[in-house]
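In: please find the sequence and the predicted model below.
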Amino acid sequence: MIFSSCKEHVDKSNLSHHEQHPGCKHEEELGKVRDTFNLKLISLYNSNLPVAKLISKSDSLIKDFKESNSDLHTDIAFLCEAQINYFNAEMLYKNGYYQKSINELHKSNPFGNSTGDIAAGIAANYIKLEEFDKAKIFVDSIGKGYYLYEYALANYYETIKAKNEAVKIYKNIIDRKSHQERFYYKSSALRLEELERENPTFLHEIIFPTRKPRDETFKK
């Protein structure tokens, strides 16, 4: 014979949604904390402060997260710190501190397997340092099939003046209708137009993708 507790038959119809699903309330509160963090990060991206002051402010932001007694802050501190490291890397790159930018990118991915945006950022820095062999390693690490891999690879071939290889990839990008909505589609068409000139001007950099949160996400 099986006996069941009367607690299992409590009528929950009069309970609020959050009382019935406490996990939902936690996710909503976590989302608010993430949104607040992202708005502060957007403010840093939009700032015209010198790079040293920007990084000081971004480091203070993550320090506040780590020192907070809130469990919500603790839950996402690791992800927020990775975002701050990436932000610092972007700012350092833009201001010519390429090795420091590489260091921040490695910190933003402590697991060590740099792929995707992080690999693209590292490759962009190595191009500026004119360490082309290292740059190629990280271009390859972006990963075939990743949304910006082909564009970054075409950029790389331009930097080493491998015109034919770059042209082939740019043509491949603009020939596919599925790429028309991607941010690099028009850039690929412009680069192809330039490279088909008699004396083209080659790029001296490859794409360093930003991770700036989209402003419209937070507009009411």
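Out: It's in.
In: pretty sure Ala82 is touching His106, no?
Out: No. If you go by C-beta atoms under 8 Å, Ala82 and His106 don't touch, sitting 11.2 Å apart. Glycine gets a C-beta too; all of them are placed from N, C-alpha and C.
In: near the closest residue to Ile173 other than its chain neighbours, how many other residues are there?
Out: Leaving aside its sequence neighbours, Ile173 sits nearest to Ser188 (C-beta to C-beta, 6 or more residues apart in numbering; 4.4 Å). If you count neighbours by other C-beta atoms under 10 Å, Ser188 ends up with 22.
In: go on, the one 5 residues further on?
Out: For Glu193, the count of nearby residues is 11 (other C-beta under 10 Å).
In: quick one on the thing from earlier: name the helix or strand for the residue nearest to Ile173, please.
Out: Using DSSP states H and E, the element containing Ser188 is helix 185-195.
In: flag every buried residue along that helix.
Out: Going by neighbour count (16 or more other C-beta atoms under 10 Å), the buried part of helix 185-195 is Tyr185, Ser187, Ser188, Arg191, Leu192, Leu195.
In: low-confidence stretches in the chain?
Out: Scanning the chain with the threshold set as pLDDT under 70 gives 1-24, 26, 72-75, 110, 215-220.
In: show me where it has its helices.
Out: Assigned by DSSP state H, the chain shows helices spanning 17-20, 22-46, 51-67, 71-94, 98-107, 116-128, 132-142, 149-159, 163-174, 185-195.
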